[in-house]
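Novice: return a 3D structure for these sequence lines:
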Amino acid sequence: MKLFFKIIFRELYHLFKSKKSRAFLWLVLKLGDKKRYQPCQVKYSRYYFSIPDALSFVWQIKEIFVDESYAFTTQEASPIIYVCGANVGVDCLYFKENYPQARIKAFEADPQIVKYLKNNLITNQCKAVEVIAKAVWVHNEGIEMQLEGADGGSIFGEGNKVTVESTRLKTWLLQESSIDMLKMDIEGAEVSVLEDCGKALEKVSNLFVEYHAYTKQPQALHKLISILSAAGFRYYVQEAIPRKKPLVNHQYRNQQVMDLQLNIYAYRLK
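Specialist: You can find the predicted model right below:
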């Protein structure tokens, strides 16, 4: 019984311990009854956002501001940060809050989401962020994607697809002397893009990649781990979405498209 209360109170403590956590709880209460894909405006902490979807936004706030999943250490006064899959700009604002002199390149494939991204950066006076309205990919010739309307647009998405502009990430990385942080959440394109980057990844000090396995595509986690190892990274793998009884339930509940989603953190030991 003591252990039970210890666990419960520990969770409550974590939920209320910081101003950002309390602001997150208020955000959940405020947006909890919002239907999906209903554009709205919302305030979190000192930031004002225009958003296309409440649910995806709430979990971005939780992951980025509350859990600080993208925090990294650097000795650079003006770290170079690449954000692949910038969505509405939550990660850009987090990086600028914690690394004020950072120079950020923010890539976003969905033309409609780019409008939210640019608006949120302007509204919150977030400067030194270059927005590239293209999908990071292995060439510059465009790519077909299913645009989901929030944060789930993917080359493997089901339904109608449109062609969006693309840009080869490797070319961008090779132009830099070093990259302090590379954040990649590109809904299934990550293995192909990182494989194409090859030795250019040796310029990167810290890397976050969200790995997605789509049910109609071969799983490629082994390839991703091999790419990170070859580039000299240590890595840490974290379950992004838990799946109960995985030997029985071969897919996520209410999710027919993906059967595995992981957060992978890669870094170099000093």
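
Novice: now the strands for the stretch 1-150 of the chain?
Specialist: For the stretch 1-150 of the chain, applying DSSP state E, counting those that start in this stretch gives strands covering 40-44, 47-51, 80-84, 103-107, 129-132, 135-137, 143-145.

Novice: can you list the strands that the helix or strand just after the last one pairs with?
Specialist: Scanning forward in sequence from strand 143-145, with DSSP states H and E defining helices and strands, the next element found is strand 162-164. Taking DSSP bridges as the criterion, strand 162-164 forms sheet pairs with strand 143-145 (antiparallel).

Novice: which parts of the strand it pairs with are buried?
Specialist: Judged by neighbour count (16 or more other CB atoms under 10 Å), strand 143-145 contains these buried residues: Ile143, Met145. The C-beta positions use only the backbone N, C-alpha and C, and glycine is treated the same way.

Novice: what do you get for stretch 123-137?
Specialist: Residues of stretch 123-137 classed as buried by neighbour count (16+ other CB under 10 Å): Asn124, Cys126, Val129, Val131, Ile132, Ala133, Lys134, Ala135, Val136, Trp137.

Novice: related to what we said a few turns ago, can I get the strands of the stretch 1-150 of the chain in JSON lines with distance to Glu176?
Specialist: Putting the strands of the stretch 1-150 of the chain into JSON lines (distance: least, CB to CB, whole Å) gives the following:
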{"stretch": "strand 40-44", "distance to Glu176": "31"}
{"stretch": "strand 47-51", "distance to Glu176": "28"}
{"stretch": "strand 80-84", "distance to Glu176": "6"}
{"stretch": "strand 103-107", "distance to Glu176": "9"}
{"stretch": "strand 129-132", "distance to Glu176": "13"}
{"stretch": "strand 135-137", "distance to Glu176": "14"}
{"stretch": "strand 143-145", "distance to Glu176": "23"}
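
Novice: dump the ones you listed into CSV; add mean pLDDT and distance to Ala220 as well.
Specialist: As requested, those are exported to CSV (pLDDT from 0 to 100; distance: least, CB to CB, whole Å):
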stretch, mean pLDDT, distance to Ala220
strand 40-44, 94, 35
strand 47-51, 97, 31
strand 80-84, 98, 17
strand 103-107, 98, 21
strand 129-132, 98, 25
strand 135-137, 98, 16
strand 143-145, 95, 18
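
Novice: so which of those strands comes closest to Thr171?
Specialist: When these are compared by CB to CB, strand 135-137 sits nearest Thr171, at 10.2 Å.

Novice: and the contacts of the closest one?
Specialist: The contact list for strand 135-137 (CB atoms under 8 Å, 6 or more residues apart in numbering) reads 84-85, 107, 109, 143, 145, 164-169, 184, 186, 189, 192-193.

Novice: next one: stretch 185-198
Specialist: Under CB under 8 Å, 6+ apart, the answer for stretch 185-198 is 84-85, 87, 109, 135-138, 151-157, 168-170, 173, 184, 201, 208-212, 214, 217, 220, 223-224, 227-228.
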